[in-house]
Structures are given as structure tokens and as C-alpha cells.
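Trainee: one predicted model, sequence on top.
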Amino acid sequence: ELKVEQNPLFLSMQEGKNYTIYCNYSTTSDRLYWYRQDPGKSLESLFVLLSNGAVKQEGRLMASLDTKARLSTLHITAAVHDLSATYFCAVDSTGGTSYGKLTFGQGTILTVHP
Amino acid sequence: SAVISQKPSRDICQRGTSLTIQCQVDSQVTMMFWYRQQPGQSLTLIATANQGSEATYESGFVIDKFPISRPNLTFSTLTVSNLSPEDSSIYLCSVEEAGWEQFFGPGTRLTVL
């Protein structure tokens, strides 16, 4: 059974600081997703990582994937209040000719303080 | 990206009744998925709905409780039957696009009294 674990689960940051959220998963996968969820809202797609060594950046967020270590990271640079949200990683282990069944991590609740 | 809508956006239901949730996509998609997000929790996949075939349910979810229809490539419904307070959750549909992107609908917030 695929397990996806994020840490930390709660992250309180000061504006301007850097931090990393980690996502470990237990079985082979070649697709990893990062999503953002604001309170009372649906999920917003941030990144899709499709291969070992993949790195993607958007604004103050950068995601990477190490399939050998079964680890993805979401790095936050110079945090701002607008980044406060819950961040989920999700792993797709369906494979073969079909994809789409995602297993989610527990989520990391990020709060950025002035 | 696909635009996904869900109806209703929220509902309050009495125990023992059922609620049917609709998911509409603005483009044809092969695979649609239904997830549940219990209060303060992460998302759990309920089932995969492909057009023209029976839905495939994940462990812990059964057709009698969560019947799903997929009449065409742009629409699906999820019914949550015989409601109990434990069914209070957000239910989200998602679609796969371009072979790897996964987009989520706005969700349906269900409260069972």
C-alpha cells in the first residue's frame, strides 16, 4: 500500500525566511504533484514532477523530485503572507497505460507571520 | 486547463437521506475521479469513473454507499446514500488532462445532521 508522508505538518514562518516541506513516499512512482488549498477552497495545482531530478519553480516556490530516494521537496524562498495555506503533495502510482489515482500526504499547514 | 463545476456547492442533509453531487467538465475527458476530504483531513480517493464502464472503487468504499454514474465524457454524479454524520465531508471530483495534469472541482461541502 502506498504511503505518503509530509513533514512538517504545521509550519509557522516569519516573512522573508526560507523553509522546506518534505514529502516521502513508500513505493515507486514517476509522478508527483504539489497542490495548494486555501481555507474553504478547492485544490490549486502548483507543480507536476514527472522524472527523477525534475525541478520546477514558480515565484517563491520551488519543487524537486528524487525518485531514488522517494522524496520530493517544496522550498519556500523569502516567504510572504500570501503563501499562507495548506500544501499537499500527492503521488500517482497507477502507472502502466493509465494514471490518475492519487494518494495524498497529510498536508502541511503553513502560516506566514509578519 | 479544464474548467470543472460541481453542484451543489454545499448542502445540509438529514440522517438516512441521500445526496447526489454533479460534476461537469467543459471538455471531454476519459477519466474522472471522486475524492473525499473529511474535516481537517487530507483527500482520499473514493472511486474512478470511466465512461462506458462501471466505476472502480477503492478499498473501504462500496457501490451501495457511493453509487456513481458516468453517462458521457463531460459529466459524472456521485451519490452518498443513507447519510450519517460521519459522511460530513467535502466531496471533490477531479479530471486528468494532457496525460498528467490533475485538476479538481470546487468541491461540495456536505453536512449531515
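Mentor: Sure, I can see it. Numbering: from 1, shown residues only, chains lettered A, B, ... in the order given.

Trainee: which stretches in chain A count as strands?
Mentor: Taking DSSP state E to define them, one finds strands in chain A at A:4-7, A:10-14, A:19-25, A:31-37, A:43-49, A:55-58, A:61-66, A:71-76, A:85-92, A:102-104, A:108-113.

Trainee: near chain B at all, the third one?
Mentor: No: contact check for strand A:19-25 against chain B, using C-beta under 8 Å from any C-beta of the partner chain: none in range, with a minimum separation of 12.0 Å. Bear in mind the C-beta positions are built from the backbone N, C-alpha and C, glycine included.

Trainee: for that strand, which positions count as buried?
Mentor: Neighbour counts over strand A:19-25 (16 or more other C-beta atoms under 10 Å in any protein chain shown) mark A:19, A:21, A:23-25 as buried.

Trainee: rewinding a little: just send the strands of chain A back as TSV, with distance to residue B:27 too.
Mentor: Output for the strands of chain A, formatted as TSV (distance: least, C-beta to C-beta, whole Å):
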stretch	distance to residue B:27
strand A:4-7	29
strand A:10-14	36
strand A:19-25	30
strand A:31-37	20
strand A:43-49	16
strand A:55-58	24
strand A:61-66	26
strand A:71-76	29
strand A:85-92	21
strand A:102-104	20
strand A:108-113	32
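
Trainee: a markdown table for these, including mean pLDDT?
Mentor: Listed next are those as a markdown table, based on pLDDT from 0 to 100:
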| stretch | mean pLDDT |
| --- | --- |
| strand A:4-7 | 97 |
| strand A:10-14 | 95 |
| strand A:19-25 | 96 |
| strand A:31-37 | 95 |
| strand A:43-49 | 94 |
| strand A:55-58 | 94 |
| strand A:61-66 | 96 |
| strand A:71-76 | 97 |
| strand A:85-92 | 95 |
| strand A:102-104 | 94 |
| strand A:108-113 | 96 |
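
Trainee: with respect to residue B:92, which of those lies nearest?
Mentor: Checking those against residue B:92 by C-beta to C-beta gives strand A:43-49 as the closest, at 7.3 Å.

Trainee: what's the spacing between the residue nearest to residue A:1 when sequence neighbours are not counted and residue A:2?
Mentor: Spatial nearest neighbour of residue A:1, chain neighbours left out: residue A:26 (7.8 Å); criterion: C-beta to C-beta, 6 or more residues apart in numbering or on different chains. Using C-beta to C-beta, to the nearest Å, we find residue A:26 at a distance of 6 Å from residue A:2.

Trainee: ditto for residue A:35
Mentor: Taking C-beta to C-beta as the measure, residue A:35 falls 17 Å from residue A:2.

Trainee: the more surrounded of the two?
Mentor: The neighbour comparison of residue A:35 against residue A:2 (other C-beta atoms under 10 Å in any protein chain shown) goes to residue A:35, with 23 against 14.

Trainee: run through the bridge partners of that one.
Mentor: residue A:45, residue A:88 (DSSP bridges).

Trainee: again, but for residue A:5
Mentor: Where residue A:5 sits in a bridge, its partners, by DSSP bridges, are residue A:24.

Trainee: spatially, what comes nearest to the residue nearest the centre of chain B if we skip its sequence neighbours?
Mentor: Central residue of chain B (C-alpha atoms, centre = their mean): residue B:34, 3.6 Å from the mean position. In space, and not counting its chain neighbours, residue B:34 is closest to residue B:46: 4.4 Å by C-beta to C-beta, 6+ apart.
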